[in-house]
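S.K.: coordinates only, sequence not included:
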């Protein structure tokens, strides 16, 4: 216990200072409707759904919520059930087996709800397009509100997208 | 029963406002403290209130196959916390409802809230709901002996289990705070509080792995205002338990008369004591990992032995 | 003729008339007539009991009615309390039985035995002589045995349960007989009045012997560990109205016997007697509720819960005895009042629980919780009734048992100054009561949640329908009693407190206002009514706030969150076995479940598995350790005894001749 305390004292703050708030003209995102954002007002609970990804995006999401980038300071939090969530963070090209579960997850989220497609596979199937196990991009299964480009996207891109959701 | 005096009513209103208004801030402060110790920046103390405000605007879902128990459980949970917050001596020692301010009654009311939530978990008919209910009732069953024996130890020097009487006796005899009886009973009650409010090491309130959940598993199906009530109730429970711990063992600062400065000091003392205890709990949680479910009975048995020792000490050292 | 006499006369008349009517009336109307008759009989007993508790007395003596001892009845406040409880239970179960017995249980024998059983239970607390007492006790045992065996043609397990019950209740009778006869041999007469006078002059060893022997008999009737084995066998197999009568009225008479012999006839006794009673009570309470928490058969679970509640009552009685022995009479009165109130509360909620369980069995034909569930749709009133009973049984406010357990805990925690032994005993007693309360919460959450909520787990549970109106009326009466005792115990507590004070020789242990119960001589008060009102106000306020603050978004019906994978089947719901599994693991040293795994391999290869069967049984460990050796010894003794009777008539004649010769020689020698 004492060694952990010494480490906490020695390391101190790990989180990098917050970059400037995102504007609407940034190239990594599409324009979002603002009504839902106003309703959420700085508190966005997020449910992550892996629809068939290679886990590269998951590693970047884990980094985004880790101590260095600390997405929680902007009001975003990962939750365990879609019923508790406002937004779905979907990674990967949607495989045949995950198409129906993704739809049901979307239906389970109470309104108002948002869907964020993370990474090139979620946007347009990326390197897996035309593979036989792929049902389509996320936008073919559920309506997508925000896209994050990259294969995988950088954690700061993910954090910037989340800041668009929370408005902080 | 004396008619509630004006100062008693004012105290009750103040207590309710403080518990309802400041308990999410307590949770926020604990999360912020943990974040800072872990090297992160943290969302700020007010985040739980933002979450609650947003949840009230969300849609309420009514799962098919559930009964009234599912819909009533969050209301009952909040109602039990409200009654305890109104009745227990937090800001003043004059309770609005003195016959209800009995330590056994208060503890049983809080258990009623947990039981309502466990029944709601079973009512969903999902495996996770049943699992959460099963684990929660096992922990309640094993925590009861420690809790009642600790209450026994507290009541021996006073001769009563009435909350106001115990707090007043602590005020009258400051040396009681440092007696072995108090210390042993306090440690036993700290373990009880950790078990009842679902904090580390008994349960991890922020886990996402269903197999490690106890409290969260029962509420996976709630959304919108129902979820807001469950979250608020769990924050209020923590505040109420920490407030009871603070005032039963360290009652200095509580208002015993009706003048405005005394009541203001009572409010300040309550807020400071609960904040300090919450901060200590949060710092402790940084160093602890969750115990395996089947190691929890060992922890509870250890606290039971401490409670028994407290009772024995109260007889032999009285 | 005072109220007690009038009530008793009504009760006896209607009881006997109902028994006669059962033999004479034809099948369609039989259960209705007998049910109403039992209800009136019960009402008479209730009135008589309440009047007796208030202080009126009645007695009846007929010295020539029975050879050797005559018949003598006398009702005092203690007897009146038990008479009132029996009467109340009889009213509810009589009405319930009208609908329950129709079709299958309305044979002449069963319907005739029901009122006779109720009558016998009423006359036991009124008996004032050894012969009368034993007569009524045996009548109660025989009638209940015939009622337990009511369905033996339909199910073979009933016969085995009946055998266990018959043997154990008669062994108990023998123990009580021996104890009371030793007592009567040292008194002038066999009436209780004479025994009371002689009780003060008995030597401590003799008094202890009498107490212990009668404790064995009465303890077995009350379902106290280790003589409880008949309870979880007889209760599931008996018809539900009989189970309700047995659990809510008959087992109380075991406690009545202990209090009557220990406090009244023997005049208090030594402290170690009551320490033994307290220890047995605590052990029964914890063991009973543990078995209930782990079991899955609904009626067996309720039977184990009866053992638990009688254990708690004996903790109160034992504490009362301990405090009397150490001179603290107010505290003794408080403990005894807690015990008596718990008997009343237990009668109310156990009747309700057994009636609802009977409703469920009547509608679905299933007793196993693992196959029930989802009954709130088809049987909403029964679900509500079971919910009220479960809340009362789990000792949570605003339930009924919370008040009696609060009183008991107050008595125990103020008992510390009674000595060094009290310092060890009182905290352990509090811990035992607390563990019992915690496990009771787990048990009834399991029984209510798994059995009635969520979705049905079997075809029969899906097709469940609500019970007929007479059964609902019976449940309604019991539910009204539960709710009344939960909110307004202040109505019955003064009377019960006076009775308790009378038994231990103190004043009123509790002071009561319209809403609050306060302890005399100690600081402590409780108001169940105010607590419930506060809770209701809190509920309404929360509901109003939630409606006001939530924005107008329509609630939508959604499928359950099943992780998106597929429809949730009934097999995926948590069952009672899985709910209780953590508890079973924690208490594995006590419970020691037996597990069998049978693996059937494929015919052609031992590496391929065709089928795996898993069986898990939770045997009663006390039975395993205590009864099976005794039964083995009896079997050996029986085999040895068989060698004495090989079938030769010459040998039997020889036995007679030689024993006659030996007797004559003995007479010559001793004369």
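M.R.: Great, that's in hand. Since the structure is predicted, the reported quantities are computational estimates derived from the model, not experimental observations.
S.K.: Taking chain C, what residue is nearest to chain A?
M.R.: Among all residues of chain C, residue C:564 sits closest to chain A, at 3.1 Å; criterion: Cβ to the nearest Cβ. No exception for glycine: its C-beta is placed from N, CA and C like everyone else's.
S.K.: and the closest residue to that residue other than its chain neighbours, what helix or strand is that in?
M.R.: The spatial neighbour of residue C:564 that comes closest, neighbours along the chain excluded (Cβ to Cβ, 6 or more residues apart in numbering or on different chains), is residue A:101 at 3.1 Å. In this assignment (DSSP states H and E), residue A:101 forms part of helix A:96-108.
S.K.: That helix: what's the following helix or strand?
M.R.: On the C-terminal side of helix A:96-108, the closest following helix or strand by DSSP H and E is strand A:114-118.
S.K.: Show me how far the helix or strand just after that following strand is from its chain's centre.
M.R.: The C-terminal neighbour of strand A:114-118 among helices and strands, as given by DSSP H and E, is helix A:119-124. The chain centroid and the centroid of helix A:119-124 are separated by 12 Å under Cα atoms, centre = their mean, to the nearest Å.
S.K.: now do stretch A:62-70
M.R.: Counting by Cα atoms, centre = their mean, stretch A:62-70 comes out at 12 Å from the chain centroid.
S.K.: re earlier: the helix holding residue A:101 to strand A:114-118, inter-axis angle?
M.R.: Angle between the axes of helix A:96-108 and strand A:114-118 is 150 degrees (criterion: axes from the mean of the first three to the mean of the last three Cα atoms, to 10 degrees).
S.K.: which helices and strands does helix A:96-108 pack with?
M.R.: Using 3 or more Cβ pairs under 8 Å, 6 or more residues apart in numbering or on different chains; DSSP states H and E as the contact definition, the elements that helix A:96-108 packs against are strand A:44-50, strand A:87-91, strand A:134-136, helix A:138-141.
S.K.: what comes up buried for the last one?
M.R.: With burial defined by 16 or more other Cβ atoms under 10 Å in any protein chain shown, the residues of helix A:138-141 counted as buried are A:138-139, A:141.
S.K.: Closest one to residue C:385 out of those residues, please.
M.R.: Each of those was checked against residue C:385 using Cβ to Cβ; the closest is residue A:141, at 47.7 Å.
S.K.: And the closest one, how far from residue A:91?
M.R.: The spacing between residue A:141 and residue A:91, counted by Cβ to Cβ, to the nearest Å, is 13 Å.
S.K.: Residues that sit against both of those two, list them.
M.R.: Between them, residue A:141 and residue A:91 share the neighbouring residues residue A:51, with contact defined by Cβ atoms under 8 Å, 6 or more residues apart in numbering or on different chains.
S.K.: residue in chain A nearest to chain B?
M.R.: At 3.4 Å from chain B, residue A:14 is the closest residue in chain A, using Cβ to the nearest Cβ.
S.K.: For that residue, grab the count of nearby residues.
M.R.: Number of residues near residue A:14 (other Cβ atoms under 10 Å in any protein chain shown) recorded here: 14.
S.K.: Point out the residues in chain A that sit beside chain C.
M.R.: Chain A comes close to chain C at residues A:81-83, A:100-105, A:107-108, A:110-111, as judged by Cβ under 8 Å from any Cβ of the partner chain.
S.K.: now, among the residues you listed, which is nearest to chain C?
M.R.: Of all the residues of chain A next to chain C, chain C sits closest to residue A:101, with 3.1 Å by Cβ to the nearest Cβ.
S.K.: list the buried ones in the helix or strand bottoming out on mean pLDDT in chain A?
M.R.: Across the helices and strands of chain A, the lowest-confidence element by mean pLDDT, DSSP states H and E is helix A:34-40, at a mean of 74. Judged by neighbour count using 16+ other Cβ under 10 Å, the buried positions of helix A:34-40 are A:36-37, A:40.
S.K.: who touches it?
M.R.: For helix A:34-40, contacts defined as Cβ under 8 Å, 6+ apart pick out A:86, A:112-114, A:145, A:164-167, B:54, B:57.
S.K.: can you give me how far that helix is from the chain middle?
M.R.: For helix A:34-40, the distance from its own C-alpha centre to the chain's C-alpha centre is 17 Å (Cα atoms, centre = their mean).
S.K.: likewise stretch B:31-51?
M.R.: Counting by Cα atoms, centre = their mean, stretch B:31-51 comes out at 21 Å from the chain centroid.
S.K.: Contacts for it next, please.
M.R.: Outside stretch B:31-51, the residues touching it (Cβ under 8 Å, 6+ apart) are A:8, A:11-15, A:18, A:41-43, A:45, A:67, A:70, A:72-75, A:77, B:24-25, B:27-29, B:231, B:235, B:279, B:282-283, B:285-286.
S.K.: Mind checking the pLDDT average for it?
M.R.: Stretch B:31-51 shows an average pLDDT of 93 in the prediction.
S.K.: What of stretch B:167-176?
M.R.: The pLDDT scores in stretch B:167-176 average 85.
S.K.: quick one: buried residues of it?
M.R.: By neighbour count, with 16+ other Cβ under 10 Å as the criterion, the buried positions of stretch B:167-176 are B:167-171, B:176.
S.K.: So residue C:337 belongs to a helix, correct?
M.R.: Yes: if the criterion is DSSP: H, G, I helix; E, B strand; the rest coil, then residue C:337 is within a helix.
S.K.: what bridges to the residue nearest the centre of chain A?
M.R.: What sits nearest the mean C-alpha location of chain A, by Cα atoms, centre = their mean, is residue A:89, with 3.9 Å. Per DSSP bridges, residues listed as beta-bridge partners of residue A:89: residue A:48, residue A:116.
S.K.: Give me the contacts around the helix holding residue A:101.
M.R.: Outside helix A:96-108, the residues within contact range by Cβ under 8 Å, 6+ apart are A:47, A:49-52, A:82-83, A:88, A:90, A:92, A:94, A:113, A:115, A:133-136, A:138, A:141-142, B:61, C:558-559, C:561-565.
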